[in-house]
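> Sequence first, predicted model second:
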Amino acid sequence: MMWTTRTSPAAPRAGRAAALLCTVGLLAACGGGGGDAAAGGGDDPIQFWGWVPGLEEQVAQWNTENPDTPVEFHRMTGDDGKKVEAAVDAGAGPDIVQLSTHDLPDYVINDRVQPITEFVADTEDLYTPSSWQSVTLAGEVYGVPQGSGPTAMMYRADVFEKHGIAVPTTWDEYEQAAAALHAADPNVYIAGFSPSEIGQWTQDVSQAGGTYFGIEGDAWSVQVDSPESRRVAERWQRLLDAGLVKTTQMWTPEYWASVNAGEIATITYAAWFPVQLQENVADQAGLWRVAPQPTYDGTSVAGDSGGAADVVLAGADDLEGAAEFLTWINSDPEQVEHLISVGGIFPTALVGFESEALAEEMPYFGGQRIYDVFRQAAEVVPPTWTDGPANGQVDADITDGFGAVATGSSTFAQVLAEADAAATDRLTDMGLDVVDPS
Amino acid sequence: MSVVPLPARRAAGRRPAARRTGGRHVAPYAFAAPFVVLFLVFLVAPIVLALWQSMFRQRAAGGLGFGGTRQREFAGLGNYVTALTDTGFTSGFARVLLYGAVQVPVMLVLALVLALLFDSAAVRFGRFFQAAVFVPYAVPGVIAALLWGFLYQPGVSPIVGGLTSLGVDVDLLAPGTVLWSLANIALWSNTGINVVILYAALQSVPAEVGEAARVDGASEVRVALSIKLPMILPALLLTTLSSIIGTLQLFSEPNVLRTITSNITSDYTPNMAIYTTSTEAQDPHLAAAMAVLLGVSTLVLSLVVLRISNRRNGALA
């Protein structure tokens, strides 16, 4: 995703190597004292892999307060998520992993996770309904929600003001504003089109009430190409054809150069994006504001680009301990405050909505309490989005296709039709029951 | 590269001596063991495993697939049929072959010219330039791709910026150019090692042969083309083979550039298609079949190159 170097963690690898040697029987003294990690309690510590900043401190606090259930944390970088899949399939891997909820169906189908329903069922009321929905599959709960991505529109207030153009509240107004802005200043575009930034696609489809997949009885329904997604596709196609969006790949130096040069007037994205903006476009402090994502007919509705959850993997022994730890870290008021202020996540625990960090007036956004907008968005996300098997391949098919759309050799509609057909074939090949309503 | 006859003969001569001290029988095996074990564990076993995996598939017994209903079943050559009818996968092959057909000859000609120059008396500061040519090879492929990625990106690239200010409008990441931008990275990275191999081979060309030619009135160019070049053909063959293999295995550079351009798809090269199939499509069996196909194509292509060069060598001799 980003231009960061990927480092392999040495410590867990050494631990695994030692474990391997034990099983092979080359070390005589194995099994006794274990490592220094187990020194606190009698049991092996629960291995927890995650990527949210600041989890180290939370785990340390847990270990101080719960010496009987020690947890060992490993920070995930780069392709660690893929490593976990391979490790679990081989019968190894950590006990708990942080996961994009988009990937959960594959984990369930491949038996990589264990249901923890009996330990967490009575905590359902602590979380937003949509986030609880995202960790529940076919009646079983497989994890605890950790963050979500409700969307809003960040915009350059000064640019709209300078050209005397109203900030759009509906998609019709948005298209008109796009044309007006570009006419007023040919260097300015309403938005960037980033073909491989799949979250910006799924959030729009989610807002339109669409989804990739659905569950109908005992069958998957493939809805990659649906009236809802086509509606989004048509809007993007019109904007692209009229040259009103600038094609740049998000997260690249080129992209940030373009935003810094004032070429991009709005960025519609999830609640974790403002921090990125602040970091990468520091010079434009005070010029940005946040407004709700434009809607189709003025009725308040927002999208969600996807969330994260902590799930308990197949190899875990202490399900109860793991569930207890996960409930604590994701719903205890102090921990949620930490996740928001240090981790930068948008909460899924309802208690987080009362967080001081979310009520902050942000100077970068001209003193606006921007998370009010995202909080309202979280409440009006349609409950339609469902992830399905090989979700990642649908993403890949769509982003590959959008690359061709950007150069004019395909269309949004064509990409959707092809990705839909490919997903239907793939699920059929997997031996799953599939209905395709499109 | 058949090297069997000579040592066999020598070993035959020593056999009586070995019989006297039985322990010597063990020594060769002990010395060979580390190689053989690593070879079996990290090369033969994975190949066997991939072949085995490629003939199965996972199928759920209908429904949503939850609750552990997935079963492994024999698929025969089914995965191979799927792979070969996947246009994304097969066009990846066409792409790397096109890339290799241009990149490998360009790189090797460049490496050969540089090696001959270093070997001739004409070059000053030879050691410095040799090091300079070799240094890019020491830069890991991913880092090289990141460096070049910056130089290719409009908005931040001094190259693109400079050309634009001269009125030349270039897009080094466009669908038609990005393959050659990748080739350029490989050229920058790998020319150095080929220069080193060819230069080392040139060192073993006996000086008197060149001197004799010069006495007969041959020019420096003539000596290079008619004497040195034929004598280092085996080294040139080695570099050609390893370059072709590297071409088919192309992965890191396009994978890195993919983060800055959407004109590189997730199945741009065969290796990328294999990675995507196993991770995104969650189908390790199909990925194994693709990997076997990639391995077989590499083998076939290498054999073809060997065959051609053997024939040519025969003609020369």
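Perfect, thanks for sending it.

> quick check, A:Trp220 in a strand?
Yes: counting by DSSP: H, G, I helix; E, B strand; the rest coil, A:Trp220 is located in a strand.

> So what's the residue count around it?
27 (other CB atoms under 10 Å in any protein chain shown). The C-beta positions use only the backbone N, C-alpha and C, and glycine is treated the same way.

> so it makes contact with A:Asn391?
No: between A:Trp220 and A:Asn391 there is no contact under CB atoms under 8 Å: 11.3 Å.

> Near chain B, which residues of the stretch 251-400 of chain A are found?
The stretch 251-400 of chain A comes close to chain B at residues A:251-254, A:257-258, A:261, A:389-390, A:392-393, A:395-396, A:399-400, as judged by CB under 8 Å from any CB of the partner chain.

> Quick check: helices, which of those are part of them?
Among those, the members falling in helices are A:Pro253, A:Glu254, A:Ala257, A:Ser258, A:Gly392, A:Gln393, A:Asp395, A:Ala396, A:Thr399, A:Asp400 (criterion: DSSP state H).

> And the strands in the stretch 201-350 of chain A?
Across the stretch 201-350 of chain A, reading from the start of the chain, the strands by DSSP state E, counting those that start in this stretch fall at A:213-216, A:219-222, A:245-247, A:266-270, A:288-292, A:308-312.

> and among those, the most buried is which?
Sort the strands of the stretch 201-350 of chain A by mean neighbour count, taking mean count of other CB atoms under 10 Å in any protein chain shown, and strand A:308-312 sits at the top with a mean of 26.

> Using CSV, write out the CA atom coordinates for it.
Presented in CSV, the C-alpha positions along strand A:308-312 are these (Å, rounded to 0.1, in the frame of the first residue of the first chain):
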residue,chain,number,x,y,z
ALA,A,308,-10.9,-4.4,11.4
ALA,A,309,-11.5,-7.1,13.9
ASP,A,310,-9.5,-9.3,16.2
VAL,A,311,-10.2,-13.0,15.6
VAL,A,312,-9.2,-16.1,17.5
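
> Strand partners (parallel or antiparallel) of it?
Within its sheet, and counting by DSSP bridges, strand A:308-312 is paired with strand A:96-100 (antiparallel), strand A:143-147 (antiparallel).

> What are the contacting residues of it?
Contact partners of strand A:308-312, identified using CB atoms under 8 Å, 6 or more residues apart in numbering or on different chains, comprise A:48, A:50, A:52, A:95-101, A:104, A:107, A:113-114, A:116, A:131, A:134-135, A:142-148, A:319, A:322-323, A:326, A:329-330, A:345.

> Any of those buried? List them.
A:48, A:50, A:52, A:95-101, A:104, A:107, A:113-114, A:116, A:131, A:134-135, A:142-148, A:322-323, A:326, A:329-330, A:345 (16 or more other CB atoms under 10 Å in any protein chain shown).

> Adding mean pLDDT, write the strands paired with strand A:308-312 out as a markdown table.
Putting the strands paired with strand A:308-312 into a markdown table (pLDDT from 0 to 100) gives the following:
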| stretch | mean pLDDT |
| --- | --- |
| strand A:96-100 | 95 |
| strand A:143-147 | 95 |
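
> Just say helix, strand or coil for the closest residue to A:Ile398 other than its chain neighbours.
In this structure, A:Ile398 finds its nearest non-sequential neighbour in A:Ala419, 5.1 Å apart by CB to CB, 6 or more residues apart in numbering or on different chains. What three-state DSSP gives for A:Ala419 is helix.

> ok, A:Ala419 to B:Thr87 distance?
As defined by CB to CB, to the nearest Å, A:Ala419 lies at a distance of 15 Å from B:Thr87.

> So these two - more neighbours on which side?
Neighbours per residue, other CB under 10 Å: of A:Ala419 and B:Thr87, the larger number sits with A:Ala419, 25 against 10.

> how about stretch B:151-167: buried residues?
Buried positions in stretch B:151-167, judged by neighbour count with 16+ other CB under 10 Å: B:Tyr152, B:Gln153, B:Pro154, B:Gly155, B:Val156, B:Ser157, B:Val160.

> Quick check: which ranges of chain A have low pLDDT?
In the predicted model, chain A carries pLDDT under 70 at residues A:1-43, A:438.

> Show me the domain layout of it.
Following automatic domain parsing, one gets these domains for chain A: A:41-148+A:307-355, A:151-304+A:374-435.

> what's near enough to touch B:Phe255?
Just to correct that, residue B:255 is Asn rather than Phe. Taking CB under 8 Å, 6+ apart as the criterion, B:Asn255 is in contact with B:Ala145, B:Met272, B:Tyr275.

> Pull stretch A:83-90 out as PDB, backbone CA atoms only.
Taking only C-alpha atoms (Å, rounded to 0.1, in the frame of the first residue of the first chain), the coordinates of stretch A:83-90 have been written out as PDB:
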ATOM      1  CA  LYS A  83       2.100 -15.100   6.500                       C
ATOM      2  CA  VAL A  84      -0.500 -15.700   9.100                       C
ATOM      3  CA  GLU A  85      -2.800 -17.500   6.600                       C
ATOM      4  CA  ALA A  86       0.000 -19.800   5.500                       C
ATOM      5  CA  ALA A  87       1.100 -20.500   9.100                       C
ATOM      6  CA  VAL A  88      -2.400 -21.300  10.300                       C
ATOM      7  CA  ASP A  89      -3.000 -23.600   7.200                       C
ATOM      8  CA  ALA A  90       0.200 -25.400   8.200                       C
END
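
> For it, buried residues please.
When neighbours are counted by 16+ other CB under 10 Å, the buried residues of stretch A:83-90 are found to be A:Lys83, A:Val84, A:Glu85, A:Ala87, A:Val88.

> can I get those residues in JSON lines with distance to B:Gln282 and secondary structure?
As requested, the buried residues of stretch A:83-90 are exported to JSON lines (distance: CB to CB, whole Å; DSSP: H, G, I helix; E, B strand; the rest coil):
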{"residue": "A:Lys83", "distance to B:Gln282": "15", "secondary structure": "helix"}
{"residue": "A:Val84", "distance to B:Gln282": "13", "secondary structure": "helix"}
{"residue": "A:Glu85", "distance to B:Gln282": "8", "secondary structure": "helix"}
{"residue": "A:Ala87", "distance to B:Gln282": "15", "secondary structure": "helix"}
{"residue": "A:Val88", "distance to B:Gln282": "12", "secondary structure": "helix"}
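
> can you narrow those to ones near chain B?
Here is what survives when the buried residues of stretch A:83-90 are matched to chain B using CB under 8 Å from any CB: A:Glu85.

> Quickly name whichever of the buried residues of stretch A:83-90 is closest to A:Gly352.
When the buried residues of stretch A:83-90 are compared for distance to A:Gly352 (CB to CB), A:Val84 comes out closest, at 26.1 Å.

> Sort out which residues of stretch A:354-373 are buried, please.
Neighbour-count burial for stretch A:354-373 flags A:Ser355, A:Ala357, A:Leu358, A:Met362, A:Tyr364, A:Phe365, A:Gly366, A:Gln368, A:Ile370, A:Tyr371, A:Val373 (criterion: 16+ other CB under 10 Å).

> Spatially, which pair of those residues is furthest apart? Let me know, please.
With CB to CB as the measure, no two of those lie farther apart than A:Ser355 and A:Gly366, at 21.4 Å.

> On the three-state scheme, A:Gln58 is what?
A:Gln58, by the three-state scheme (three-state DSSP), is helix.

> show me what contacts it?
Contacts here follow CB under 8 Å, 6+ apart; on that basis A:Gln58 touches A:Ile329, A:Gln335, A:His338, A:Leu339.
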